[in-house]
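J.: How does the following fold in three dimensions:
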Amino acid sequence: MKNLFFGTNLKVTKGGRCLAKDLEFKIESGNMLLLNGENGSGKSTLLRIMAGLSNPTSGKIYWNNKFVHDNLPEHFERITYVGHSTAIKSNLTLKENLKYWQEIHIGGKDISSQLEHSLEIFNLTTSSDSPARCLSSGQTRKLALARLMLKPASLWLLDEPTVGLDTAGLRSLITLLNNHCESGGIVIMASHDEVRVECPVHVLKIDNFKKG
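T.: All right, here's what the predicted structure looks like:
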C-alpha cells in the first residue's frame, strides 16, 4: 500500500512574520520532496510543521487523508526528523548517543546490530567509544544521520543533511536515501546542495508562494 503525505492552504509564520502562505505539497511512497528557497524563506519552519513539532498558522497536513494533528503520537511513530541542529550529547560517546536516542524513540528493543552498521556506513566505527566532543563538524553530522538506520519510519524529514559532509559521507547518505525510497519510504529534505538520487525527486519552491 502506498502512503500519501500532503498539506493544503498552509500559512507559515515565524516570530509573527509571514514566511509563506497558500502553500501546498503532496508526496507519495518512493519519492523525495526537495524544499527549495532562500535563507529565511521558511524551509526549516515548514519541516518542523511537517514533523508535528509546530503548527501552521492556517491550513492542514494529512497522512493518507487523516489529519496529522488529530493523532500526533501516531505521526511521531512514522517519522524520523533530523534537524539542522544535531542534538548530539557532547559528553557521551558515539555509541552512547545512539543508544540514548534509541531509548527515547524506540524503547528498549535490542538493535545492537543496526547500531553497529549505522556507525560503519558513516565510517565512525573506530571512534565509537570516543566522546562526541572530539568529533569534527562533519563527523557530528554523520552521527546525527546514523539515527536514520535505527528506527523503522515511513517518513524522513531532513534539514540540511549534507552540511559538513565529505564525499564519502555524502555517498553514504545517498545510499540511505535510495534504499529508503526503494523500500517505499518518503523523504522530504531541505538542502542547498545538489543530491543526485535514483528515486523520483519533486521540488517545492517556497519562494513561489506569496508572502505578506
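J.: could you give the mean pLDDT of the single longest helix found in the chain?
T.: Longest among the helix segments of the chain by residue count, using DSSP state H, is helix 167-182. Model confidence over helix 167-182, given as mean pLDDT, is 96.
J.: need the next SSE after it, C-terminal direction.
T.: As assigned by DSSP states H and E, the chain's next helix or strand after helix 167-182 is strand 186-190.
J.: can I get the CA coordinates of that following strand in CSV?
T.: Once side chains and other backbone atoms are set aside, the C-alpha atoms of strand 186-190 remain, and they are given as CSV (Å, rounded to 0.1, in the frame of the first residue of the first chain):
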residue,chain,number,x,y,z
ILE,A,186,9.2,9.1,1.7
VAL,A,187,12.0,11.7,2.1
ILE,A,188,11.5,15.4,2.5
MET,A,189,14.7,17.4,2.6
ALA,A,190,15.8,21.0,2.8
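J.: all strands for the chain, in order.
T.: Applying DSSP state E to the chain gives strands spanning 4-14, 17-28, 32-36, 58-63, 66-67, 79-82, 155-159, 186-190, 201-205.
J.: As CSV, the ones you listed with mean pLDDT and distance to E116 would be great.
T.: All C-beta atoms are positioned from the backbone trio N, CA, C, and that covers glycine. Converted to CSV, these look like this (pLDDT from 0 to 100; distance: least, Cβ to Cβ, whole Å):
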stretch, mean pLDDT, distance to E116
strand 4-14, 94, 31
strand 17-28, 92, 32
strand 32-36, 95, 27
strand 58-63, 96, 32
strand 66-67, 95, 36
strand 79-82, 95, 19
strand 155-159, 97, 21
strand 186-190, 97, 24
strand 201-205, 94, 31
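J.: now those in TSV, with mean neighbour count and distance to S90?
T.: What follows is those, written out as TSV (neighbours: other Cβ atoms under 10 Å; distance: least, Cβ to Cβ, whole Å):
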stretch	mean neighbour count	distance to S90
strand 4-14	18	28
strand 17-28	17	32
strand 32-36	21	29
strand 58-63	17	34
strand 66-67	11	38
strand 79-82	21	17
strand 155-159	23	20
strand 186-190	25	25
strand 201-205	14	34
